[in-house]
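Engineer: Following is a predicted model, sequence given first.
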Amino acid sequence: HSHAGPTMSSPSMLMTVAWAALMPILGTALLVRPTGHFPIQDTAAQRAGPVSAAAAERSALHTRLDRRQATALVAAGALGSALSAPEPAGADDVPVPRIVMQTTAGTMEFELWPDVAPKTVANFVKLSKSGFYDGQCFHRIIPGFVIQGGDPNSKEGYGPDGTLEGADVAKVRAWGRGGPGYNVPAEFNPRKHAFGVLSMARAADPNSAGSQFFVCLGDLPSLDNKYTTFGRMIAGEDVLKKLGSAETVRGDYPKQRQGITSVRVI
């Protein structure tokens, strides 16, 4: 089926569903499945993950500068410090930060795009440097679509063995609803959603992105100009494919924890 886009959850959009795959583990327990956009950022129903155009089609399950301007900001020092570029920018260039994401499946490296999404990049760099993403996990994975992470709530929930067996249902239910406590304005741009591209998850409001992000597992034109793309993979394709093929249960939750060990700016 089609997917709307990574989203975050909002209580008003939540629907309670029986987690069939976990019935042997959770008995008759029910998990609240947020509805909104995917890459959705669930505010309860719009989990702060990716909300794609398919979110709407998915029973509302997924919630949602121009180079010279960016260069001017860097020159003025407004963006430069946030992006921490080691080399001074040239007359027509915006510093290109890179991040190394260490996961339980291996290492991925991305270059960020401050020329088209300066505020988004500055925020992602700031959060990465503060260790915000360390210890989280990819709480939503849809093969062929996206892997979604960036929710601080995802640090807890899995059972002692790193699987959903023995999971804390209340904490799992909170996945997709977390963020940094503020929002970053949308910076929709011409860069396309293709394999390895980084983009921001959001709720229904275009300006509701915060910390949740997603990585595309293929070409996703339905998300173009609806989610803020802000970087692309330059190393670790095999790792991304491994993460994207992780076994999941109903609700797109990985059965085995797919952890984000650390995110470092280089």
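Structural biologist: Cool, got the structure.
Engineer: Which parts of the stretch 51-200 of the chain are helices?
Structural biologist: Secondary structure of the stretch 51-200 of the chain by DSSP state H, counting those that start in this stretch: the helices cover 54-57, 67-76, 80-83, 118-129, 169-173.
Engineer: counting contacts, what elements does the last one pack onto?
Structural biologist: In this structure, helix 169-173 packs against strand 30-33, with contacts taken as 3 or more C-beta pairs under 8 Å, 6 or more residues apart in numbering; DSSP states H and E. No exception for glycine: its C-beta is placed from N, CA and C like everyone else's.
Engineer: The strand it packs on - what's its average pLDDT?
Structural biologist: Model confidence over strand 30-33 averages 27 on the pLDDT scale.
Engineer: do stretch 134-149 as well
Structural biologist: 98.
Engineer: okay, it in CSV with CA atoms only?
Structural biologist: Below are the C-alpha coordinates for stretch 134-149, written out as CSV (Å, rounded to 0.1, in the frame of the first residue of the first chain):
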residue,chain,number,x,y,z
ASP,A,134,22.7,9.0,21.4
GLY,A,135,21.0,5.9,22.8
GLN,A,136,17.8,6.2,20.8
CYS,A,137,16.6,3.8,18.2
PHE,A,138,14.7,3.7,14.9
HIS,A,139,11.2,3.3,16.3
ARG,A,140,9.5,2.9,12.9
ILE,A,141,10.7,1.0,9.9
ILE,A,142,8.7,0.4,6.7
PRO,A,143,10.7,-1.7,4.1
GLY,A,144,11.0,0.1,0.8
PHE,A,145,9.9,3.3,2.4
VAL,A,146,11.7,4.8,5.4
ILE,A,147,13.5,4.1,8.7
GLN,A,148,12.5,6.7,11.3
GLY,A,149,14.3,7.9,14.4
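Engineer: got the buried residues for that stretch?
Structural biologist: Neighbour-count burial for stretch 134-149, with 16 or more other C-beta atoms under 10 Å as criterion, is recorded at 136-142, 145-149.
Engineer: And Pro6, what's its pLDDT?
Structural biologist: In this model, Pro6 is scored at 78, pLDDT.
Engineer: Would it be right to say that it lies in a strand?
Structural biologist: Yes. Pro6: assigned to a strand according to DSSP: H, G, I helix; E, B strand; the rest coil.
Engineer: What about it, how many residues nearby?
Structural biologist: Counted with other C-beta atoms under 10 Å, the burial measure for Pro6 works out to 45 neighbours.
Engineer: Verify the contact between it and Ile147 for me.
Structural biologist: No. Contact criterion C-beta atoms under 8 Å: Pro6 and Ile147 do not qualify, at 9.5 Å.
Engineer: what residues are shared contacts of those two?
Structural biologist: Common neighbours of Pro6 and Ile147 are listed as 140, 214 (criterion: C-beta atoms under 8 Å, 6 or more residues apart in numbering).
Engineer: Which residue is the nearest non-sequential neighbour of Gln102?
Structural biologist: The shortest distance from Gln102 to any non-neighbouring residue, by C-beta to C-beta, 6 or more residues apart in numbering, is to Thr261 (4.2 Å).
Engineer: quick one on the thing from earlier: need the max-distance pair from the buried residues of stretch 134-149.
Structural biologist: Gln136 and Phe145 (19.6 Å; C-beta to C-beta).
Engineer: residues near the nearest residue to Asn189 once chain neighbours are set aside, how many?
Structural biologist: By the measure of C-beta to C-beta, 6+ apart, the closest residue to Asn189 outside its immediate chain neighbours is Val116, 3.8 Å from it. Here the count is done by other C-beta under 10 Å, and Val116 has 21 residues near it.
Engineer: surely Val116 meets Lys192?
Structural biologist: No. If you go by C-beta under 8 Å, Val116 and Lys192 don't touch, sitting 11.3 Å apart.
Engineer: Let me see the contact set for Asn207.
Structural biologist: For Asn207, the contacting residues are 183-186, by C-beta under 8 Å, 6+ apart.
Engineer: mind checking which helix or strand Gly218 is in?
Structural biologist: When elements are assigned from DSSP states H and E, Gly218 belongs to no helix and no strand.
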